[in-house]
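Chemist: A predicted structure for the sequence below; I have some questions about it.
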Amino acid sequence: MTALKLLGTAALGAAYVAVGWAAAHPKVSDEYAAHFLHRTAECWYGRREPQAPPTTIDVGTLTYSNACRYLRWGWYPVVDWGVWSRVRGSTLHLPSRADSRAVVLTFRGAPAPGPAVRVRFSWNDQQVEETFPPDVTRSLSVPLRPGGLDVQLLPLESATVPGRPYPISVGIGLTEIRYEQDESAGLGSTQ
């Protein structure tokens, strides 16, 4: 009887070791791990292999799963014109595209008479700070790497805009993502 108890205890111990090893080495997709294990993405767009992104992405038309592919962390829900960034920072994922060397991101400031919002953009080892006055649209060109790129946005000030059911504090709005062949990085303005 004692031998049977020892054998049962050893089997149970081996099962615990196996479960512990499996927990430490999960076989899951990178997307699953980003959302459920590492918490670097607020949503999960599933296990399907993503296709190359389109040349131009109108952010206001993104469905949940497509928005999840690009808007990784710190974004409000998509509305008809685009999406607002949250004030504590946001992450934008830009998948690679074989024929593109840069991505042009189009941002908008808060509606007038709101305040100007200063935002710090960072990717890889680069940082750019820019102020977005109310009702001003600006484009930022970011060089794209073969494996894709994550761009962090950190609003240094915020604005308050109408929301449902109450006003929300936001950084800046993202309206368009456009893949281009030209690699010149910089900031441009339009009114």
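Modeler: Now that the structure is in, tell me what you want to look at. Residues are numbered from 1 along each chain as shown.
Chemist: so which residue is dead centre in this structure?
Modeler: Nearest to the geometric centre of the chain sits residue 72, at 2.4 Å (Cα atoms, centre = their mean).
Chemist: so that residue sits right up against residue 94, yeah?
Modeler: No. With contact defined as Cβ atoms under 8 Å, residue 72 does not reach residue 94; the gap is 10.1 Å. Any C-beta I mention is one placed from the backbone N, CA and C, and that applies to glycine too.
Chemist: so what sits against both of the two?
Modeler: residue 150 (Cβ atoms under 8 Å, 6 or more residues apart in numbering).
Chemist: just to revisit the earlier point, what's the pLDDT at the residue nearest to the centre of the chain?
Modeler: With respect to pLDDT, residue 72 scores 91.
Chemist: using the three-state scheme, assign it.
Modeler: strand (DSSP: H, G, I helix; E, B strand; the rest coil).
Chemist: that one and residue 90, how far apart?
Modeler: According to Cβ to Cβ, to the nearest Å, residue 72 stands 8 Å off from residue 90.
Chemist: could you give me the average pLDDT of stretch 153-172?
Modeler: Here the average pLDDT along stretch 153-172 is 90.
Chemist: mind listing what's buried in that stretch?
Modeler: Neighbour-count burial for stretch 153-172, counted by 16 or more other Cβ atoms under 10 Å, picks out 153, 154, 155, 158, 159, 170, 171, 172.
Chemist: now, the most widely separated pair of those residues?
Modeler: 154 and 159 (14.7 Å; Cβ to Cβ).
Chemist: what does the longest helix along the chain rub up against?
Modeler: Across the chain, the longest stretch assigned as helix under DSSP state H is helix 2-24. Around helix 2-24, nothing counts as a contact under Cβ under 8 Å, 6+ apart.
Chemist: chain center to it: distance?
Modeler: 41 Å (Cα atoms, centre = their mean, to the nearest Å).
Chemist: could I get the CA-only coordinates of it as CSV?
Modeler: Output in CSV follows, covering the C-alpha atoms of helix 2-24 (Å, rounded to 0.1, in the frame of the first residue of the first chain):
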residue,chain,number,x,y,z
THR,A,2,2.8,2.4,0.8
ALA,A,3,4.5,1.7,-2.6
LEU,A,4,1.1,2.5,-4.3
LYS,A,5,0.9,5.8,-2.4
LEU,A,6,4.5,6.7,-3.4
LEU,A,7,3.8,5.8,-7.0
GLY,A,8,0.6,7.9,-7.0
THR,A,9,2.5,10.9,-5.4
ALA,A,10,5.3,10.6,-8.0
ALA,A,11,2.7,10.5,-10.9
LEU,A,12,1.0,13.5,-9.5
GLY,A,13,4.3,15.4,-9.1
ALA,A,14,5.2,14.5,-12.7
ALA,A,15,1.9,15.8,-13.9
TYR,A,16,2.5,19.1,-12.0
VAL,A,17,5.9,19.4,-13.6
ALA,A,18,4.4,18.8,-17.1
VAL,A,19,1.7,21.4,-16.6
GLY,A,20,4.2,23.9,-15.3
TRP,A,21,6.5,23.4,-18.3
ALA,A,22,3.5,23.7,-20.7
ALA,A,23,2.4,26.9,-19.0
ALA,A,24,5.9,28.4,-19.3
